[in-house]
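Asker: Quick check, what structure comes out for this input:
(2 chains)
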Protein chains: 2
Amino acid sequence: MEMTAKESLERLFGGKGVAILGASAKKGKPGNSIIENIRDAGFIGSVYPISITSDSILGFQCCKSLEEISDRIDLVVMVLPADDCVEAAKAIARRKDEKGDISAVVVVSAGFSELGTEEGRSREKALLEALVSRGIRVVGPNCLGVIDTYSGINTNFDIGAYRKGGLSILTQSGAFAVSFLKWAQPGNLVGLNKFVSLGNMSDVNVIDLLRYLADDERTQVIALYLEGTKEGRALIEAAAEVSRKKPVVALKAGKTRIGSIAAASHTGSIAGSFEMYQGVFRQAGVVLASSVIEFYHTAAAFEKMPLPRGNAICVLTVLGGPGTLCVDELISSGAVELARLSEETKSRLRKILIPAANIGKPEGFIDTTPSFSEEQHRDVLKIVLQDPGVSGVIYLTTPPAFMDEEALADNIIAAYKSFPREERKPLLSVIGFGYSVPRLRNRMEEAGMPTIEYPDIAAKVMINMVRYSQYKSRFE
Amino acid sequence: MEMTAKESLERLFGGKGVAILGASAKKGKPGNSIIENIRDAGFIGSVYPISITSDSILGFQCCKSLEEISDRIDLVVMVLPADDCVEAAKAIARRKDEKGDISAVVVVSAGFSELGTEEGRSREKALLEALVSRGIRVVGPNCLGVIDTYSGINTNFDIGAYRKGGLSILTQSGAFAVSFLKWAQPGNLVGLNKFVSLGNMSDVNVIDLLRYLADDERTQVIALYLEGTKEGRALIEAAAEVSRKKPVVALKAGKTRIGSIAAASHTGSIAGSFEMYQGVFRQAGVVLASSVIEFYHTAAAFEKMPLPRGNAICVLTVLGGPGTLCVDELISSGAVELARLSEETKSRLRKILIPAANIGKPEGFIDTTPSFSEEQHRDVLKIVLQDPGVSGVIYLTTPPAFMDEEALADNIIAAYKSFPREERKPLLSVIGFGYSVPRLRNRMEEAGMPTIEYPDIAAKVMINMVRYSQYKSRFE
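Answerer: Numbers count the residues shown, from 1 in each chain, chains lettered A, B, ... in the order given. Presented below is the predicted three-dimensional model:
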């Protein structure tokens, strides 16, 4: 049976059966955590821990070897000592020759070309030869493998069950992507679809997966952490194609020569400044973030919010100073304008707000002052979102001592969801108090409303959304 | 009795007695919250709520008017409707004429020149004339007033009891500074000394307070949020003098013309780009932050850590990718170098770390890989801090699933505190998992070890510390 590239990558996310080489009964060992995570995520296929010492692990019956398994295996996860990996690969190849079932192998084990030694390189070469010659796709080695929150596959021993969503992550640093997901978890800031830690990229590479995720319906946005690649030009071409369909948000490490040595990616990396990268990526429609926090929040916003249909942004704030910082950042980008509010909008706002409120100085800026009720929050937000001259809103708010966090959240959510889905505009809420108002933040994030702690970062995220929307519209 | 400028500003932080005009028995009202906050902070002087309707508020006996109070009053807080403020100011002036005691007034009330109306301006003028003519200093109007965590004064109705420390905040936006303090609270990220929300700056201005805080022993770092001032040149001169003694970390809002309209500070603001400001401020030794998060963490780091005595930084990481991002940011600044580790340091590290660890590629970068124990964390950190070629360390770590958060924290703290105080170097810890490891983070912050969620922000903070240290050393 010959498979298309898409079909074999599909199997990477578990297929009907997954075998774990290096399964362990000992809690805390990677070969145990992976099985625990697969169990907790409710993997839809069969799970076969391979162990010569245990009869069952975490409720799954063990097999002594791959040959023992009579049912179909699509994916094998390798969590073995480096020395045992080549033999294991040969056993996988033999089974493939006999039964034809295994499509993909995730090699979590380290001790390959990343060591920079001849031994490591030749071990990786032998591993690859055994598998790729049979048409088996290999992720890694030296990686955290894959997660698919919908199929329930999870070869990552650091991340357990995770909130489902539309974000897919491709990463050349497993640790970086794990940090992203852990960082987001207490605030429910992102919902995950697929995760691939690429490791040494011996076979499956970032281009393969970008193209795969472009056609993956559940993926709404791709977050890409990039260190280096030998195929810079091909990568940019692929990214440009993918960006016509959905946003690719990228972070590039190893931009400086010295940084690229730290990334051990100096052989293949495109050298250059952030500005150089930004030029190349922007032309390809890729959103290149200038900081880690901008990367995180831009990916999160694309996952939750619709694209703006213009570049006219309204800054609606309860707080003077933070509102000003937001305006500064928006304006200095040159990419967006403050929205021209209609006379009707202004007069409706004047009826609700106190005389000390600032409506439209400058144009598109509204400072309500903090003194109004939850319901007024809702009404003001609705009026602003309704204005046809507004393409998106940054809303800076804070619950005063006398206001209930959840009541405030519910009113913001009600205002937003009062519009039918196709009429919704991007709304980014700046919650400067951050984790000191966890109930406000969680309530909003659970309802799909992105929250950001910093007004200038919210501005950068909105700018990224506007720029991407402009790129995409050129192909519609 | 004639007082020096310093003495009268001293009284601003409560002195021996504070009277509250506009005291309220109703929970949630600003005139009630202020009394609650003063009580909770344990104000060292006497508290006199002025009320014609209540006999006592929150345990403090009320007086019907200022005249009734026979003991000394140093500070009066005004939380009245705008219309009543001028009469109240005249009553304060009368008492000053008779008893000579009141030195300072904090006018929390809004409804003055910030309205942009003739009525507002003339009200502010009348208020000021009554008080300043008697040598009484006025903070505000339209402000959140003052906090001193040591004297226990607190006229800010949004911030209750707060962790004591060495950070003092001067702000032209009360809401911005409140956001900073609230943001920092769940992680214990800063310890506060004094807080002044300047409001309309009708009398006491940012220059007065910068000079005051320069000589205030408990203030280790001044965080300054600036919108606009008519005295730009004088401000820079004052800041340059203060910076010879202690760091001033600044954030400038209203940098764009449109942003300055939002700040309603366009009359007096120095117009110009971030780069223009940065040049002027840097020459004065002021650390101008380029983002809100950089501002927060730079202020927090100066509060807790000693200055670096050189520009040779070591990046010690458990995580490859985030370590690379940190190196990129450090190097591209041009202000710091990666440290040259001694041969002794390298050979000691090789004995502890696994062969796959990266020691010194590039020079000054150590990637330990995640596989080692809490005690190894401690030993490695000690060895690196001991190297005389290292001026400061950025330490990127994460607790793997098998490691206890607090045990990890305790080992990091033990390594740092094994050095006598005068030999300590700045150590910034990047905890990328953020609030998903609250026990690690809190334990470290309580011990005075700054934690930062983002590797690139940690780099920016270290760069700021190096630059400031270089400025300061020119005057030693």
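Asker: What residues does the stretch 301-450 of chain A have near chain B?
Answerer: Contact residues, the stretch 301-450 of chain A versus chain B (C-beta under 8 Å from any C-beta of the partner chain): A:315, A:318-325, A:327-328, A:331-332, A:338, A:355-356, A:358, A:361-362, A:365, A:367, A:370, A:398, A:400-402, A:432-438. All C-beta spots, glycine's among them, are computed from the backbone N, C-alpha and C.
Asker: Sort out which of those are buried, if you could.
Answerer: Among those, the ones that count as buried by 16 or more other C-beta atoms under 10 Å in any protein chain shown are A:315, A:318-325, A:327-328, A:331-332, A:338, A:356, A:358, A:362, A:365, A:367, A:370, A:398, A:400, A:432-438.
Asker: Filter those down to the ones in helices?
Answerer: Secondary structure assignment (DSSP state H) places A:Gly320, A:Gly321, A:Pro322, A:Gly323, A:Thr324, A:Leu325, A:Val327, A:Asp328, A:Ile331, A:Ser332, A:Pro438 from those within helices.
Asker: OK, contacts around the residue lying farthest from the centre of chain A?
Answerer: Most distant from the centre of chain A: A:Pro355, at 43.5 Å, with distances by C-alpha atoms, centre = their mean. Taking C-beta atoms under 8 Å, 6 or more residues apart in numbering or on different chains, we find A:Pro355 in contact with B:Leu115.
Asker: And it, how far from A:Glu423?
Answerer: Shown here: A:Pro355 relative to A:Glu423, a distance of 32 Å by C-beta to C-beta, to the nearest Å.
Asker: Over to A:Thr256?
Answerer: For A:Thr256, the distance to A:Glu423 equals 45 Å [C-beta to C-beta].
Asker: neighbour-wise, which of those two wins?
Answerer: Taking other C-beta atoms under 10 Å in any protein chain shown, A:Thr256 and A:Glu423 do not tie; A:Thr256 has more neighbours (21 against 10).
Asker: Tell me, what's the model's pLDDT at that one?
Answerer: Looking at A:Thr256, its pLDDT stands at 82.
Asker: same question, A:Tyr416
Answerer: Listed pLDDT for A:Tyr416 reads 98.
Asker: how close does it sit to A:Ile394?
Answerer: If you measure A:Tyr416 against A:Ile394 using C-beta to C-beta, the figure is 13 Å.
Asker: again with A:Ile352
Answerer: As for A:Ile352, its distance to A:Ile394 is 19 Å (criterion: C-beta to C-beta).
Asker: for chain A, what's the longest strand?
Answerer: Taking DSSP state E as the criterion, chain A has its longest strand at strand A:164-171.
Asker: Contacts only, for the residue in the stretch 201-350 of chain A that chain B sits nearest to.
Answerer: Here the stretch 201-350 of chain A gets closest to chain B at one residue, A:Gly321, 2.5 Å apart by C-beta to the nearest C-beta. Residues counted as contacts of A:Gly321 (C-beta under 8 Å, 6+ apart) are B:Thr171, B:Gln172, B:Ser173, B:Gly174, B:Ala175, B:Phe176, B:Tyr225, B:Glu227, B:Ala253, B:Ala263.
Asker: element containing A:Met449, please.
Answerer: Using DSSP states H and E, A:Met449 maps to neither a helix nor a strand.
Asker: wait, it sits on A:Ala414?
Answerer: No. A:Met449 is beyond contact range of A:Ala414, at 11.0 Å (criterion: C-beta atoms under 8 Å).
Asker: Strands of the stretch 251-400 of chain A, start to end?
Answerer: Using DSSP state E, counting those that start in this stretch, the strands of the stretch 251-400 of chain A run over A:287-288, A:312-317, A:337-338, A:358-359, A:365-367, A:392-397.
Asker: Reformat those as a markdown table; add mean pLDDT.
Answerer: Below are those laid out as a markdown table (pLDDT from 0 to 100):
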| stretch | mean pLDDT |
| --- | --- |
| strand A:287-288 | 96 |
| strand A:312-317 | 97 |
| strand A:337-338 | 96 |
| strand A:358-359 | 92 |
| strand A:365-367 | 95 |
| strand A:392-397 | 96 |
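Asker: of those strands, which approaches A:Cys143 most closely?
Answerer: strand A:287-288 (23.4 Å; C-beta to C-beta).
Asker: can you pull the pLDDT of the residue of the stretch 201-350 of chain A closest to chain B?
Answerer: Note on A:Gly321: pLDDT of 91.
Asker: mind listing what A:Ile147 touches?
Answerer: A:Ile147 is in contact with A:Ala41, A:Ile153, A:Asn154, A:Thr155, A:Asn156, A:Ile159, A:Tyr162, A:Leu192, A:Lys194, A:Phe195, counting by C-beta under 8 Å, 6+ apart.
Asker: And the third one, how close does it get to A:Asp148?
Answerer: Pointing back at A:Asn154 there. 8 Å.
Asker: In contact with the closest residue to A:Thr149 other than its chain neighbours, which residues?
Answerer: Residue nearest to A:Thr149 in three dimensions, not counting chain neighbours: A:Lys164, with 4.5 Å by C-beta to C-beta, 6 or more residues apart in numbering or on different chains. The contact partners of A:Lys164, taken as C-beta under 8 Å, 6+ apart, are A:Thr149, A:Tyr150, A:Gly191, A:Leu192, A:Asn193.
Asker: out of those, who's nearest chain B?
Answerer: Nearest to chain B among these, with distances taken as C-beta to the nearest C-beta, is A:Leu192, at 14.3 Å.
Asker: ok, which stretches of the stretch 101-250 of chain A are helices?
Answerer: With helices called from DSSP state H, counting those that start in this stretch, the stretch 101-250 of chain A shows them at A:118-132, A:174-184, A:206-214, A:232-243.
Asker: would you put the C-alpha positions of the first one in CSV?
Answerer: Output in CSV follows, covering the C-alpha atoms of helix A:118-132 (Å, rounded to 0.1, in the frame of the first residue of the first chain):
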residue,chain,number,x,y,z
GLU,A,118,31.0,11.2,14.7
GLU,A,119,29.4,8.5,16.7
GLY,A,120,26.2,10.5,17.1
ARG,A,121,26.0,11.3,13.4
SER,A,122,26.5,7.7,12.3
ARG,A,123,24.0,6.5,14.8
GLU,A,124,21.4,8.9,13.3
LYS,A,125,22.3,7.8,9.8
ALA,A,126,21.8,4.1,10.6
LEU,A,127,18.5,4.8,12.4
LEU,A,128,17.2,6.8,9.4
GLU,A,129,18.4,4.3,6.8
ALA,A,130,16.5,1.4,8.4
LEU,A,131,13.3,3.4,8.5
VAL,A,132,13.1,5.8,5.6
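Asker: Buried residues, that helix. List them.
Answerer: A:Gly120, A:Arg123, A:Glu124, A:Ala126, A:Leu127, A:Leu128, A:Ala130, A:Leu131, A:Val132.
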